[in-house]
Every structure is written in structure tokens, then in C-alpha cells.
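Q: fold the following.
(one chain, ligands or ions: 2)
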Amino acid sequence: MKIAIAGKGGVGKTTISGTICRVLAQNGEKVLAIDGDPNPNLSVVLGIDKDLPPQKSLSTDIIERVEEGDSWRFQVKMPFDEILDTYGQNAPDDVTLLIVGKPEQAGTGCMCGSHTVVRELIHSALSSEENAAMVVDTEASLEHMKRGTSQHVDKMYMVLEPYYRSLEAAGRFAEMAKQLGINEVEAIANKVRTEEEANAIHEYCNKIDLPVAVMVPYDENVAAADLKGVSIMDYNSDSKMIKAIESFVSKINT
Ligand SMILES: Nc1ncnc2c1ncn2[C@@H]1O[C@H](COP(=O)(O)OP(=O)(O)OP(=O)(O)O)[C@@H](O)[C@H]1O
Ligand SMILES: [Mg+2]
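A: Ligands and ions are numbered 1, 2, ... in the order given. Prediction:
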């Protein structure tokens with residue numbers, strides 16, 4: 001199962017991605033978590049000690065330009081398992097984290113933009129059969145999901161919050177994802193406080209034909225864990241948010 005988590009800024013993509021990873025891993029899956037955000041913070045949600053040194057930086061050197069007749073394309077030079085051995089970080093519950101969102105610009109090699117590198121790395125990860133489960137935490141755009149990545153993603157989840165602009169943005173993102181060829185797009189509603197909010201989400205998503213996979217409640221424990229810089233799973237594994245993600249994971253086909 002390879003899934004991508006997308007949505008507007010601040011909706012809860014990283015919190016949800018990291019929690020899905022930990023729940024999958026606790027269920028016995030081998031999980032690769034990919035942080036595609038240029039401001040990476042998935043490691044905290046995964047439970048990696050914030051005082052540990054960060055992952056060795058990936059560099060744009062890892063990409064090469066390949067000429068093909070009159071045209072050219074970029075490709076990742078190293079086999080994906082080697083990338084994982086060199087740059088991957090072990091996280092609790094046996095999740096492996098790979099941060100790809102902020103490659104260092106190398107002085108040599110391919111002078112491609114960092115977006116290209118991120119896109120190629122995500123493509124390389126998703127097209128490798130190495131890991132059973134992969135979760136990609138994207139930045140708040142679908143830039144990384146271009147370049148045929150769509151064919152390797154089983155499902156994309158749009159995280160949304162119960163207010164109109166967020167619903168509208170999720171609808172737009174879902175449309176873009178479909179245009180990129182990702183056929184399986186569903187919503188994850190997050191920070192839901194009342195039945196009225198839940199109803200409004202259902203009503204909007206019905207209208208735009210976007211199935212709602214799960215309603216994740218607003219949870220004070222998430223904010224409290226965030227304030228301390230620890231994983232919600234380690235802060236309170238019985239919290240409402242974790243329970244909702246556990247029920248979601250038990251329903252998705254891994
Ligand atoms: N279910 C929830 N209940 C309460 N607070 C939540 C919940 N989910 C996320 N949050 C809070 O919302 C904020 C944003 O969460 P998060 O960083 O996961 O969002 P994001 O979509 O990844 O943001 P960005 O676009 O900046 O990457 C954080 O302060 C987080 O603690
Ligand atoms: Mg994030």
C-alpha cells in the first residue's frame with residue numbers, strides 16, 4: 001500500500017501521515033515514511049528524539065541528466081535501497097524515515113532545481129518494491145506528484161478541516177490529483193469538533209463526489225504533544241485522534 005497525504009497548509013497532513021505510519025508499523029507492516037516537505041517535521045510525529053542529529057542531507061548530486069535522442073530526462077543515480085541505507089533514519093515501531101524535501105544544492109553534477117530532485121526521489125521510492133507500505137507527506141502543493149508518480153500511488157488522501165476555504169481547497173486538490181492520473185482520491189476530515197461540522201463536510205464532499213474516509217476529531221492531546229515536541233503516539237496512545245486513525249488503518253487495504 002502506497003499512499004500520499006496532501007492538502008492545504010496546516011490542515012494536519014504531517015500529524016496524520018506520521019500517525020498512520022506508526023499504526024501501520026504497530027500492526028506489523030514494514031513502513032517507509034517519506035517527508036517531502038521543504039520544512040520537514042515528520043520526524044517528531046514519528047517519535048524520533050528532536051535532539052538527535054538530523055538525517056544526512058541529500059544532495060542534488062544524486063540526480064543525473066540522461067540524454068535520450070533529441071530530448072533528455074532526469075534520473076536518480078543510486079539504487080533506491082542504497083539511498084535508504086545511506087540516508088534513511090530509524091524511527092520507533094520500526095518505521096524508516098526518508099527526508100527528501102530539502103536537498104542541498106551541489107556545486108557539481110546536475111544543476112536541476114530541488115523540486116526536480118524531490119520529484120525524482122519520490123518517484124524512485126514509489127516505484128521500488130522494497131517496502132510494503134509507504135506514506136508520503138507532501139508539501140501543500142501537488143508539485144511532487146507529477147512525473148508519472150501517480151501510477152505508483154494506490155491512493156491519495158486530501159486532508160481537510162471544517163471550514164469553507166479548506167473544503168474548497170481540498171476539492172481543487174482532488175481535481176488536480178485526478179488530472180495527474182491518480183484515480184483513487186479520498187478525504188480525511190481533521191479537527192472535527194461538532195456534528196454540525198461533520199454534516200457540513202459530508203454535504204460538501206458528497207456534492208463534489210469525494211468520499212470521506214474518516215472523520216478525525218479535534219484532539220487537545222495533539223496540541224499538547226506538539227507543544228512538547230513529542231509524538232502524539234508517545235504522549236497519549238489512547239487519544240481520540242489515534243483511535244480514529246487506528247480505525248481508518250484497519251479499513252484500508254494494506
Ligand atoms: N486532530 C487534531 N486535533 C488538534 N490539533 C491538531 C489535529 N491535527 C493536527 N493538529 C494541529 O494542527 C497543526 C498543524 O498540523 P500539521 O503540522 O500536521 O499540519 P500540516 O498540514 O502538515 O502543516 P504544513 O502545511 O505546515 O506542513 C499542528 O499544530 C497540530 O498539532
Ligand atoms: Mg506538514
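
Q: C-alpha from now on. contacts and neighbour counts both.
A: Noted.

Q: for A91, give me its contacts.
A: 43, 46-48, 97 (Cα atoms under 8 Å, 6 or more residues apart in numbering).

Q: what's across from it in the sheet?
A: For A91, the beta-bridge partners are V95 (DSSP bridges).

Q: model confidence at G18, what's the number?
A: According to the prediction, G18 has pLDDT 98.

Q: likewise for S141?
A: We have a pLDDT of 72 for S141.

Q: what's around it, how many residues?
A: 14 (other Cα atoms under 10 Å).

Q: distance check, it against Q75.
A: Applying Cα to Cα, to the nearest Å, the value for S141 to Q75 is 22 Å.

Q: kindly report the same for D51.
A: From D51 over to Q75 (counting by Cα to Cα), the distance is 34 Å.

Q: tell me which of the two has more neighbours.
A: Using other Cα under 10 Å as the criterion, D51 and Q75 rank with Q75 on top: 17 against 6.

Q: what lines up beside the longest strand along the chain in the sheet?
A: If you go by DSSP state E, the chain has its longest strand at strand 185-192. According to DSSP bridges, strand 185-192 forms sheet pairs with strand 155-160 (parallel), strand 212-217 (parallel).

Q: and the last one, anywhere near ligand 1?
A: So that's strand 212-217. Yes. Against ligand 1, strand 212-217 shows contacts by Cα under 6 Å from any ligand atom at 216-217.

Q: other residues contacting that strand?
A: Here strand 212-217 has contacts from 186-193, 198, 202, 205, 240-241, 244-245, 248, using Cα under 8 Å, 6+ apart.

Q: so after it, what's the next helix or strand?
A: Moving toward the C-terminus from strand 212-217, the first helix or strand encountered (DSSP states H and E) is helix 220-228.

Q: what residues does the protein have near ligand 1?
A: 9-15, 139-140, 190-191, 216-220, 222-223, 226, 241.

Q: at 5 Å instead, please
A: 9-15, 191, 218-219, 223 (Cα under 5 Å from any ligand atom).

Q: next, give me the two most distant ones among the residues you listed.
A: G9 and D219 (18.5 Å; Cα to Cα).

Q: quick one: the helices in this structure?
A: All helices of the chain, identified by DSSP state H, fall at 13-26, 42-46, 80-87, 114-127, 164-179, 195-207, 220-228, 232-235, 240-251.

Q: hey, which of the ones you listed is tucked in deepest?
A: helix 42-46 (a mean of 26; mean count of other Cα atoms under 10 Å).

Q: and for it, what's in contact with it?
A: 14-15, 17-19, 21-22, 35, 50, 91-92, 95, 97, 137, 229-233.

Q: one more time with 6 Å
A: 14, 18, 230-231 (Cα atoms under 6 Å, 6 or more residues apart in numbering).

Q: ok, so of the contacts of A91, who is nearest E104?
A: Closest to E104, out of all of the contacts of A91 and judged by Cα to Cα, is L97, at 17.8 Å.

Q: can you redo the residues of the chain next to ligand 1 as TSV with distance to A132 and pLDDT?
A: Formatted as TSV, these follow (distance: Cα to Cα, whole Å; pLDDT from 0 to 100):
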residue	distance to A132	pLDDT
G9	28	92
G10	28	94
V11	27	96
G12	24	97
K13	21	96
T14	20	97
T15	21	98
K191	29	98
Y218	30	98
D219	30	98
A223	31	96
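
Q: from the contacts of strand 212-217, which is closest to ligand 1?
A: Nearest to ligand 1 among the contacts of strand 212-217 is K191, at 4.3 Å by Cα to the nearest ligand atom.

Q: what number of residues lie near that closest one?
A: K191 has 20 nearby residues by other Cα under 10 Å.

Q: surely it touches Y218?
A: Yes. With contact defined as Cα atoms under 6 Å, K191 reaches Y218; the gap is 3.6 Å.
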